[in-house]
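Trainee: Quick one, what's the 3D model for this:
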Amino acid sequence: MKEKTLLRSLGLVLTVLLFFACIPVPVGGPSGPYDPGYSARWIRLGSRDVNFGVDRDTIVISRSHGSIRQLMVRVRTSPVEIYDIRVVFTNGTSYDASNRQRLNTGNDRLYIDLPGSARSVREVIFRYRKIASASRRATIELYGR
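Mentor: Residues are numbered from 1 along each chain as shown. Okay, the predicted model is just below:
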């Protein structure tokens, strides 16, 4: 009799544990801490339209955004191939994040960890090209935290 009760209790505990183990927990997915829409972490710093061919654009960062320790780049509409990224700080020094990478629309993102502690960024200079596709332009977006 005691064995049946013990087995039932053990079965109930295992069932409850399996139930809670199957509940999805969002970690870094959409509406998670790595999504630009998650306003508690990422701040939109600016965007630029990319035309055909190799292009060079600058996104000027307002001082009101404060200190930044990490940047995130993503694209919309069409894929973009990034050749170079230069981050210029307010004290005049710069950081070259030369990282040739193709970013597709959707979930592709490029993360750049800035050296040292959080610093004020004056501008970010991009050198990139839009990869040929049906749409005329691509939009590159820059976020920081």
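
Trainee: so where's the chain shaky on pLDDT?
Mentor: By pLDDT under 70, the weakly predicted segments of the chain are 1, 4, 6-7, 9-40, 133-136.

Trainee: Which parts of it are helices?
Mentor: Along the chain, the segments classed as helices by DSSP state H run 2-21.

Trainee: Mind listing the residues bridging to the residue sitting nearest the centre point of it?
Mentor: By C-alpha atoms, centre = their mean, the chain has its centre lying nearest to M72, at 4.3 Å. Beta-bridge partners of M72, counted by DSSP bridges, are Y111, Y143.

Trainee: What are the neighbouring residues in contact with it?
Mentor: Neighbouring residues of M72 by C-beta atoms under 8 Å, 6 or more residues apart in numbering: Y34, P36, W42, R109, L110, Y111, I112, L142, Y143, G144, R145. For glycine as for every other residue, the C-beta is placed from the backbone atoms N, C-alpha and C.

Trainee: Check whether the third one really touches L142, as I assumed.
Mentor: No - with the criterion set as C-beta atoms under 8 Å, W42 and L142 do not qualify as a contacting pair; they are 10.1 Å apart.

Trainee: who's more crowded, the two?
Mentor: Taking neighbours as other C-beta atoms under 10 Å, W42 and L142 compare with L142 leading, 23 against 18.

Trainee: Now do the contacts for the more buried one.
Mentor: R44, L45, G46, S47, I59, L71, M72, V73, V124.

Trainee: let's see 6 Å
Mentor: Listed by C-beta atoms under 6 Å, 6 or more residues apart in numbering, the contact partners of L142 are L45, G46, I59, V73, V124.

Trainee: Please flag which of these sit within strands.
Mentor: Among the contacts of L142, the residues falling in strands (DSSP state E) are L45, G46, I59, V73, V124.

Trainee: Just give the nearest non-adjacent residue to the first one, would you?
Mentor: Think L45. L142 (4.6 Å; C-beta to C-beta, 6 or more residues apart in numbering).

Trainee: gap between the one you found and A132?
Mentor: Applying C-beta to C-beta, to the nearest Å, the value for L142 to A132 is 23 Å.
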